[in-house]
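> how would this look folded up:
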Amino acid sequence: MLDHVLLSAAPPSASLDLLPLIMNATGVVLGVLFILISLSVIAWFIIGFKALYFARAEKQTKYFINDVFWKSKRLDSAYQESESLTHSPVAQMFRAGYVELTKLTAQRQQGGAAAGGFEGDGIENVERALRRAYTEEMTLMESLIPFLATTGSAAPFVGLFGTVWGIMNAFRAIASKGSANLATVAPGMAEALITTAIGLVAAIPAVMAFNYFARKIKVLSAEMESFSNDFLNIVKRHFLR
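Model (predicted):
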């Protein structure tokens, strides 16, 4: 009998359900939640898109360098292979350098120059074409990445703003009702703290993805610089003799 009384008097267990808290939020807190959820959705879209992009870029770059460029006996055959490797930044650099090299070779033949090759401005033109392609590919790789950094740095502060505003509303409710019991304070505090939680949920994956993609960009950038030097050395050996 005593056990039955104790069990019936025990408070019901409460479970944390975020959806009702989000749906029942009002005013500024609701606006903050909308901003944070929007940032999180966009950030996850960017994470998925860039992860697929870098996976293709790494795979195609490795294939181009190891199986196409160094194994091809002629640059024109390597150029034909590179046409299908649209996601490889190194392949795009090669295409830019090869096109410039082809133009210079055609100009030399049309001008009736000696077969000794071209010097000075010729090799500088190829180098400029490689640098221009490098800049374009770096811009493409870095696109959308700053949004992840912005989300990672701003989302916690936006969530904190919503929390502060919600706490202010909770204290206003206390003042209006003239009591500070748990039933009065708990709903407002829960509504306030949910914004900080959503802010962290949006920020943490964004920061982790930003650091991951920054590493990928650094590796591909090193590959592009190394390839640029190798390509220029080949041009100097075979066209400046």
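
> now the helices for the protein?
Counting by DSSP state H, the chain has helices at residues 2-9, 18-23, 27-63, 75-82, 89-110, 121-142, 145-177, 182-239.

> out of the ones you listed, nearest to residue 69?
Nearest to residue 69 among those is helix 75-82 (5.4 Å), distances taken as C-beta to C-beta. Where C-beta positions appear, they are placed from N, C-alpha and C, glycine not excepted.

> any low-confidence regions in this structure?
1-26, 111-121, 177-188, 239-241 (pLDDT under 70).

> quick one on the thing from earlier: which of the helices of the chain is buried the deepest?
Using mean count of other C-beta atoms under 10 Å, the stretch among these with the largest mean neighbour count is helix 89-110, at a mean of 19.

> that one packs against which elements?
helix 27-63, helix 75-82, helix 121-142, helix 182-239 (3 or more C-beta pairs under 8 Å, 6 or more residues apart in numbering; DSSP states H and E).

> how about a markdown table for the ones you listed, with distance to residue 107 added?
Output for the helices and strands packed on helix 89-110, formatted as a markdown table (distance: least, C-beta to C-beta, whole Å):
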| stretch | distance to residue 107 |
| --- | --- |
| helix 27-63 | 31 |
| helix 75-82 | 17 |
| helix 121-142 | 9 |
| helix 182-239 | 13 |
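
> of all those helices, which lies closest to residue 160?
Closest among these, using C-beta to C-beta: helix 182-239, at 5.9 Å.

> so can I have JSON lines of the helices of the chain showing distance to residue 69?
As requested, the helices of the chain are exported to JSON lines (distance: least, C-beta to C-beta, whole Å):
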{"stretch": "helix 2-9", "distance to residue 69": "76"}
{"stretch": "helix 18-23", "distance to residue 69": "52"}
{"stretch": "helix 27-63", "distance to residue 69": "10"}
{"stretch": "helix 75-82", "distance to residue 69": "5"}
{"stretch": "helix 89-110", "distance to residue 69": "7"}
{"stretch": "helix 121-142", "distance to residue 69": "14"}
{"stretch": "helix 145-177", "distance to residue 69": "27"}
{"stretch": "helix 182-239", "distance to residue 69": "8"}
